[in-house]
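K.L.:
sequence unknown, structure follows:
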């Protein structure tokens, strides 16, 4: 015949067991998210899943013997030359303090 154990003694035993085995004491059985915190992190596996970024300009610089052309860079250079012809390009850099527009500006 089983002896009756009071709920307060069961609660005290559970609290002591949690302190001994370093688990969280949760008498109300609230949702704590501990299951998700104990789980292995997904980040390293996800990073390993995706390949490294494919950088075409870097590959072309590294392997010049391929003699390939980066179309995007060629288009950019043509656009810059067209803008310069129309006078819309970047201003020339000042080689000395006298040539600088900031210093000659009236205040």
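P.N.:
Arrived safely. Bear in mind that the values here come from a model prediction, so they are computed numbers and not experimental data.
K.L.:
Which stretches in the protein count as helices?
P.N.:
7-21, 34-38, 43-49, 56-62, 71-85, 101-104 (DSSP state H).
K.L.:
Residue 66 is in contact with residue 60, isn't it?
P.N.:
Yes - taking contacts as Cβ atoms under 8 Å, residue 66 lies within contact range of residue 60: 6.7 Å. C-beta coordinates here come from the backbone N, C-alpha and C atoms, glycine included.
K.L.:
More neighbours: these two, which one.
P.N.:
Set residue 66 next to residue 60 and count neighbours by other Cβ atoms under 10 Å: residue 60 wins out with 15 against 9.
K.L.:
sorry, back to before: next, show the common contact partners of residue 66 and residue 60.
P.N.:
Common contacts of residue 66 and residue 60, defined by Cβ atoms under 8 Å, 6 or more residues apart in numbering, are absent altogether.
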